[in-house]
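Visitor: Below are the sequence and a predicted model for it; my questions follow.
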Amino acid sequence: MTSRKKNLFLIQITIFLVAIALIYDTYRDKNIEKKLFVPIRAETDSEINVFTDIKYSGFDLVGNRYVLNAGKANFKTESPELTNMEKVVANFYLKDDTILTVVSDEGLYNNITRDIDFRKNVKADYLTHSLLSNLLSYSNSKSKLIATGNVRGESIENGEFIADNVEYDLINKTINFSMIGDKQVKIKLKN
């Protein structure tokens with residue numbers, strides 16, 4: 001054999017061996033990947049539907065616009081009108097061009113009556129007023145906000161108060177304070 005034929009033969013053998021090694025390496029890795037792959041099983045409950053990053057918007061019966069956001073929400077298939085929510089933020093855009101913002105850890109939204117219950121660590125801000133409570137219920141049909149449980153409020157201009165129940169009428173813009181039992185509402189007015 002001539003020297004040129006030997007070189008061509010060696011090059012062909014080398015290319016053939018590299019190709020065999022690549023093919024072997026490709027399929028060998030594929031088998032290892034199958035062993036490392038662990039299937040993820042999603043557990044579903046056909047009775048509960050779960051969603052994330054929820055946004056509801058609409059108008060109340062008086063014509064005020066609202067936007068309701070939640071980090072996570074779920075509803076039962078037997079009562080789809082009731083949505084349980086977590087990490088709730090609601091903005092009420094009132095007709096007088098003011099905004100009421102309500103933030104809570106949990107909430108319940110009725111998409112038929114458009115009533116909303118804000119629960120746990122409730123904070124409501126309106127202009128220069130703030131309110132903290134355990135529960136704040138927005139009744140669309142009555143156009144009222146009702147705060148119950150450790151209600152504390154503060155106004156930069158007017159002072160502060162502590163009550164068991166506070167009811168705010170959105171139409172008449174009136175507020176009623178009450179206490180359970182013989183206790184009295186505590187109000188500290190600024191001069």
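Guide: Cool, the structure landed. Numbers count the residues shown, from 1 in each chain.
Visitor: Now do the strands in the protein.
Guide: Using DSSP state E, the strands of the chain run over residues 48-59, 65-76, 82-93, 99-110, 116-126, 129-139, 144-155, 159-169, 174-178, 186-189.
Visitor: helices and strands around the last one, which ones?
Guide: Contact here means 3 or more CB pairs under 8 Å, 6 or more residues apart in numbering; DSSP states H and E; on that basis strand 186-189 packs against strand 159-169. Heads up, the C-betas are built off the backbone N, CA and C, glycines and all.
Visitor: do you know how far residue 153 is from residue 121?
Guide: 15 Å (CB to CB, to the nearest Å).
Visitor: My error: substitute residue 177 in the last question.
Guide: For residue 177 relative to residue 121 (CB to CB), the value is 21 Å.
Visitor: where among the strands of the chain is the average confidence lowest?
Guide: Within the strands of the chain, confidence is poorest for strand 186-189, with a mean of 72 (mean pLDDT).
Visitor: That strand pairs with which strands, parallel or anti?
Guide: strand 159-169 (antiparallel) (DSSP bridges).
Visitor: Can you give the contact residues for the partner strand?
Guide: 131, 133, 143-149, 151-154, 174-180, 183, 185-190 (CB atoms under 8 Å, 6 or more residues apart in numbering).
Visitor: The residue lying closest to residue 138 once chain neighbours are set aside: how many residues sit nearby?
Guide: Distances taken as CB to CB, 6 or more residues apart in numbering place residue 116 nearest to residue 138, at 4.4 Å, with adjacent residues excluded. When neighbours are defined as other CB atoms under 10 Å, residue 116 has 26 of them.
Visitor: Show me which of the contacts of strand 159-169 are buried.
Guide: Among the contacts of strand 159-169, those classed as buried by 16 or more other CB atoms under 10 Å are 131, 133, 143, 144, 145, 146, 147, 148, 151, 153, 177.
Visitor: who are the neighbours in contact with the closest residue in space to the third one that isn't next to it in sequence?
Guide: So that's residue 143. Nearest residue to residue 143, sequence neighbours excluded (CB to CB, 6+ apart): residue 170, at 4.4 Å. Contacts for residue 170 (CB under 8 Å, 6+ apart) come out as 60, 62, 64, 94, 143, 144, 145.
Visitor: how about those, which pair is most distant?
Guide: Within these, 94 and 144 form the most distant pair, 13.7 Å apart (CB to CB).
Visitor: Now, the contacts of residue 170 that are in helices?
Guide: Taking DSSP state H, every one of those sits outside helices.
Visitor: pLDDT check: weakest of these?
Guide: Where pLDDT dips furthest among these: residue 62, at 78.
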